[in-house]
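Peer 1: requesting a structural model of the entry that follows:
(one chain, ligands or ions: 1)
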Amino acid sequence: MRSVFKVYCNADDQPFSSDELRAALAEADALCATVSDHIPAAVFPDAPRCRIIANFGVGVNHIDLAAARAKGVAVTNTPDVLTECTADLAMALILMSARRAGEGERMLRSGQWPGWRPTQMLGARVWGQTLGIVGMGRIGAALARRAHHGFGMRILCCNRSPAPAALLADLQAEQIDSLEALLPEVDFLSLHCPANAASHHLMNAARLALMRRSAHLINTARGSVVDEQALADALSSGAIAGAGLDVYAAEPRVPESLLRLPNVVLLPHLGSATAATREAMGLRALENLKAFFAGKAPRDLCN
Ligand code: DGY
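Peer 2: From the prediction side, this is the model:
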């Protein structure tokens, strides 16, 4: 970016305050934001100098897209380049939750491992089980491929629009009309829908109660898609067996009610966190900026 623009870096990676973001939008021609930078309507100055927010990440729920459009600010994201690594992490959470990997590592590190026993830390089998995917977009489909072709899993999915027939055929997958019909059928449920008003607390107490007691919930999408208190209640009452989370409603705060439960794996928003993917995300954000200032439509325009 420095070879093309005059760049002001957020060197210590502390999320900008609303005032700092407002100042940046007022003074810079472009802003390269991350998921940690919350940009609601109130943050936009009356007459921003900024003409484009090039988000470093695929999710743009932290930016008010309509407010940006109203102020003449384009918003772009970085799809595709993080799909495979995020799907890898969702698969890791399925395995960790089913096989109690976090719990086992905590036991070993705390010196509490008494040695191999036939009934020690029995978990759930992943191979051949049924995986429900909510949101059969790029990442949902990439997880489904891993799960079906690598782990022999049966794939069921819920999606707003019909999933491509070729994709369903490749995965021998079935699209289910409603989440209510999907939930009782799956051993693992993985969330891959965008965060918006329609998906807010999609997994609430009533829907968690429709899952099998042996089932696991995996969330690498956004924290707001799950009612975290309802999830903690379901995990502690045994209404579901386990969960694997990479995202939280008010990051970096993780609810105490989840932190004290043994049957939830808690990761710090690592979905896209590989060196290769983060570099590709940066290059994609740069590509959007360069196109925009060359007068072309940026490839990843969101608003
Ligand atoms: C994304 O790209 O949306 C990741 O969750 C990081 O923000």
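Peer 1: and the residue of the stretch 101-250 of the chain nearest the ligand?
Peer 2: Closest approach of the stretch 101-250 of the chain to the ligand (C-beta to the nearest ligand atom) occurs at residue 247, with a separation of 6.9 Å. For every residue, glycine as well, the C-beta is placed using N, CA and C.
Peer 1: what's that residue sitting at in phi/psi?
Peer 2: phi -140, psi 150 (degrees, to the nearest 10).
Peer 1: longest helix of this protein?
Peer 2: Ranked by number of residues, the top helix in the chain under DSSP state H is helix 275-293.
Peer 1: packing partners for that one?
Peer 2: Contact analysis of helix 275-293 by 3 or more C-beta pairs under 8 Å, 6 or more residues apart in numbering; DSSP states H and E lists strand 30-31, strand 52-54, strand 74-76, helix 83-98 as its packing neighbours.
Peer 1: which residues sit against the second one?
Peer 2: The reference is to strand 52-54. Contact partners of strand 52-54, identified using C-beta atoms under 8 Å, 6 or more residues apart in numbering, comprise 29-33, 39, 63, 68, 73-76, 285-286, 288-289, 292-293, 298.
Peer 1: pLDDT (mean, whole number) over it?
Peer 2: Looking at strand 52-54 alone, the average pLDDT works out to 98.
Peer 1: is that strand up against the ligand anywhere?
Peer 2: No. Applying C-beta under 6 Å from any ligand atom, one finds that strand 52-54 is not in contact with the ligand, the shortest distance being 12.7 Å.
Peer 1: what lines up beside that strand in the sheet?
Peer 2: Here strand 52-54 is paired, per DSSP bridges, with strand 30-31 (parallel), strand 74-76 (parallel).
Peer 1: could you export the ones you listed as TSV, including distance to residue 270 and mean pLDDT?
Peer 2: As requested, the strands paired with strand 52-54 are arranged in TSV below (distance: least, C-beta to C-beta, whole Å; pLDDT from 0 to 100):
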stretch	distance to residue 270	mean pLDDT
strand 30-31	25	98
strand 74-76	23	98
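Peer 1: near the ligand, which residues of the protein?
Peer 2: Applying C-beta under 6 Å from any ligand atom, we find that the chain lies next to the ligand at 35, 57-59, 82, 271-272.
Peer 1: which of the residues you listed are buried? Put it as a PyMOL command.
Peer 2: Applying 16 or more other C-beta atoms under 10 Å to those leaves a buried subset, and the PyMOL line that selects it is:
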select buried, resi 35+57+58+59+82+271+272
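Peer 1: which of the contacts of strand 52-54 count as buried?
Peer 2: Of the members of the contacts of strand 52-54, the ones counted as buried by neighbours, 16+ other C-beta under 10 Å, are 30-33, 39, 63, 68, 73-76, 285-286, 288-289, 292, 298.
Peer 1: that older thread, tell me the most buried of the helices and strands packed on helix 275-293?
Peer 2: When you average the neighbours per residue for each of the helices and strands packed on helix 275-293 (mean count of other C-beta atoms under 10 Å), strand 52-54 leads with a mean of 26.
Peer 1: what is the distance between it and the centre of its chain?
Peer 2: Between the mean C-alpha location of strand 52-54 and the chain-wide mean there is a distance of 21 Å, by C-alpha atoms, centre = their mean, to the nearest Å.
Peer 1: stretch 16-29 too?
Peer 2: 26 Å.
Peer 1: contacts for it, please.
Peer 2: For stretch 16-29, the external contacting residues (C-beta under 8 Å, 6+ apart) are 5, 8, 10, 31, 33, 37-39, 42-45, 47-52, 73, 293.
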